[in-house]
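A.B. asks: kindly return the folded structure for what I paste below:
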Amino acid sequence: MKNKSFANVWDAIEKAPAQAENMKLRSKLMMALEAHIKTQGWTQAEAAEHLGVTQPRVSDLLRGKINLFALDTLVNMLVSAGLHVEMRVRKAA
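C.D. replies: Next up is the predicted model:
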């Protein structure tokens, strides 16, 4: 049996390359939101108010429940928090 190496955990977990890319993007956006919430010193209730969601939704975010968040939802939350999202596309390796 030959060991495979992967550049990213999502490449190892997901069967389809498109799904792996989607998960990479979602995880980066979730981490950015979490960092912003911590930097602002917001409670979950305060974060919910700023992000336009419920406190349980913020709890799901902070607990890393990635399967509960679509890309558009995360972008909307980031914008509601006063952040700007930029994207870069490049040729796959």
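
A.B. asks: how about low-confidence regions in the protein?
C.D. replies: 1, 5-15 (pLDDT under 70).

A.B. asks: dead centre of it: give me the residue that sits there.
C.D. replies: When C-alpha atoms, centre = their mean is applied to the chain, the residue found nearest the centroid is Met30 (2.7 Å).

A.B. asks: where does that residue sit: helix, strand or coil?
C.D. replies: Counting by DSSP: H, G, I helix; E, B strand; the rest coil, the backbone at Met30 sits in helix.

A.B. asks: check contacts around it.
C.D. replies: Leu61, Gly64, Ile66, Phe69, Leu74 (C-beta atoms under 8 Å, 6 or more residues apart in numbering). All C-beta spots, glycine's among them, are computed from the backbone N, C-alpha and C.

A.B. asks: for Val79, grab the count of nearby residues.
C.D. replies: Neighbours of Val79 under the rule other C-beta atoms under 10 Å: 13.

A.B. asks: same question, Ala47
C.D. replies: Using other C-beta under 10 Å, Ala47 is surrounded by 25 other residues.

A.B. asks: now find how far off-centre the helix or strand it falls within is within its chain.
C.D. replies: Using DSSP states H and E, Ala47 sits in helix 44-51. Helix 44-51 sits 17 Å away from the centroid of its parent chain (C-alpha atoms, centre = their mean, to the nearest Å).

A.B. asks: and after that helix, which helix or strand comes next?
C.D. replies: Helix 44-51 is succeeded, C-terminally, by helix 55-62 (DSSP H and E).

A.B. asks: no further queries at this time; thank you.
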